[in-house]
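*Asks:* only the shape, not the letters, is given here:
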């Protein structure tokens, strides 16, 4: 079997154009529209869509490698695209398991639609297990959503917003409702994205003012709380694996920049390249040792999702663990790379400086450090006693 080559689908020429725009998007706090346009043209938005619906037919294992590669050029662009890929990935996970409720996501992505991820809410530490957004049932089977979503990546450009809300009025309530709403006047996008990093994602706040999802876009109704419903596993698995992939790609770029800096800088004391300095060599070696652990686990878990391996209740600690490990490792790699490069990396327009700011965002994505540790503890020690 021929090994998958990410460069064949995401060629160097496209990658360099995306890399060349990243600094300006960051400095000007702009959405990377040119990146999205080129990626759409290249078929990137449908990499997880099956071939029989117009996509590339890749699995999560291939998508992970592609997202790692894209993140080496522009981490914010990769993170923004991630949120679209989450929904196409969920559609694939469900279809692979005999559930075709998100067929419209696959055909839409193949036609160029851009799907955003509207799950995060301020103060909602239940995440997938609850919602502060009101989901009001409509006579025709649709739902009207009212509430506030935060960190809505792709805010200026999405065409469909996948979200959840809580139905408390139906006879079988309460139910968490997963659905998709189009961009209408009932969806108000704020202009409040002024962060220290990941600026090009433009993950603005979204106000839902009775935004209606038609009946054919209401995809699941599940009980609040931990749920065995496949959509919960689909969202959690794809979200965590693709997030980990982006931050692994960020770490790889920081490693490349650290190596380049060590080879280019020379010691005034010895006259030798800093690549010959024992302390610098130890620092680079530490980066490599940390980074090398990420790829194999990402590949293994992504293949397991693709091949429907059943890890049972261990899935959630494995998935939250790989995301947590990728982010904390990426942060440690960037820290060491900054010290290797020296003071020039401290400037805001330095690429390493941008990576230093970008990597911090990873700590705030679910699963956050507290959640990841609680999940791992519960998996091995059992639940807390009441």
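*Replies:* Received the coordinates, thanks. Remember, it's a predicted structure, so these values are computed and weren't measured experimentally. Residues are numbered from 1 along each chain as shown.

*Asks:* grab the most central residue of the protein for me.
*Replies:* With distances taken as C-alpha atoms, centre = their mean, residue 243 lies nearest the centre of the chain, 3.6 Å away.

*Asks:* tell me what the strand or helix carrying that one is packed against?
*Replies:* Residue 243 is part of helix 230-264 when elements are defined by DSSP states H and E. Secondary-structure packing of helix 230-264 (3 or more C-beta pairs under 8 Å, 6 or more residues apart in numbering; DSSP states H and E): helix 60-73, helix 75-96, strand 218-222, helix 278-291, helix 294-306, helix 314-341, helix 351-360. C-beta here means a position set from N, CA and C on the backbone, and glycine is covered the same way.

*Asks:* between it and helix 75-96, how big is the angle?
*Replies:* 150 degrees (axes from the mean of the first three to the mean of the last three C-alpha atoms, to 10 degrees).

*Asks:* could you give the angle of helix 230-264 to helix 351-360?
*Replies:* 160 degrees.

*Asks:* show me which residues of helix 230-264 are buried.
*Replies:* The neighbour-count check on helix 230-264 (16 or more other C-beta atoms under 10 Å) flags 230-255, 257-259, 261-262 as buried.

*Asks:* about what we covered before: ok, the residue nearest to the centre of the chain to residue 365 distance?
*Replies:* Applying C-beta to C-beta, to the nearest Å, the value for residue 243 to residue 365 is 6 Å.

*Asks:* between these two, which contacts overlap?
*Replies:* 323, 327 (C-beta atoms under 8 Å, 6 or more residues apart in numbering).

*Asks:* now the helices for the stretch 101-250 of the chain?
*Replies:* 103-110, 230-264 (DSSP state H, counting those that start in this stretch).

*Asks:* reformat those as a markdown table; add mean pLDDT and distance to residue 12.
*Replies:* Below are the helices of the stretch 101-250 of the chain laid out as a markdown table (pLDDT from 0 to 100; distance: least, C-beta to C-beta, whole Å):
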| stretch | mean pLDDT | distance to residue 12 |
| --- | --- | --- |
| helix 103-110 | 98 | 25 |
| helix 230-264 | 97 | 14 |
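
*Asks:* could these go into JSON lines alongside distance to residue 120?
*Replies:* Formatted as JSON lines, those follow (distance: least, C-beta to C-beta, whole Å):
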{"stretch": "helix 103-110", "distance to residue 120": "19"}
{"stretch": "helix 230-264", "distance to residue 120": "11"}
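
*Asks:* of those helices, which is nearest residue 67?
*Replies:* helix 230-264 (4.1 Å; C-beta to C-beta).

*Asks:* nearest residue to residue 320 other than its sequence neighbours?
*Replies:* Using C-beta to C-beta, 6 or more residues apart in numbering and skipping the chain neighbours, the partner closest in space to residue 320 is residue 367 (3.8 Å).

*Asks:* could you say which helix or strand holds that neighbour?
*Replies:* Counting by DSSP H and E, residue 367 is part of no helix or strand.

*Asks:* pretty sure it sits against residue 240.
*Replies:* Yes. Using C-beta atoms under 8 Å, residue 367 is in contact with residue 240, at 6.9 Å.

*Asks:* identify the contacts common to these two.
*Replies:* Joint contacts of residue 367 and residue 240 (C-beta under 8 Å, 6+ apart) are 319, 320, 323.

*Asks:* thought the last one was touching residue 372?
*Replies:* Yes. With contacts defined as C-beta under 8 Å, residue 323 counts as touching residue 372 at a distance of 7.1 Å.

*Asks:* who's more crowded, those two?
*Replies:* residue 323 (27 against 23; other C-beta atoms under 10 Å).

*Asks:* name the nearest residue to that one, ignoring sequence neighbours.
*Replies:* For residue 323, the spatially nearest residue (C-beta to C-beta, 6+ apart) is residue 240, at 4.3 Å.
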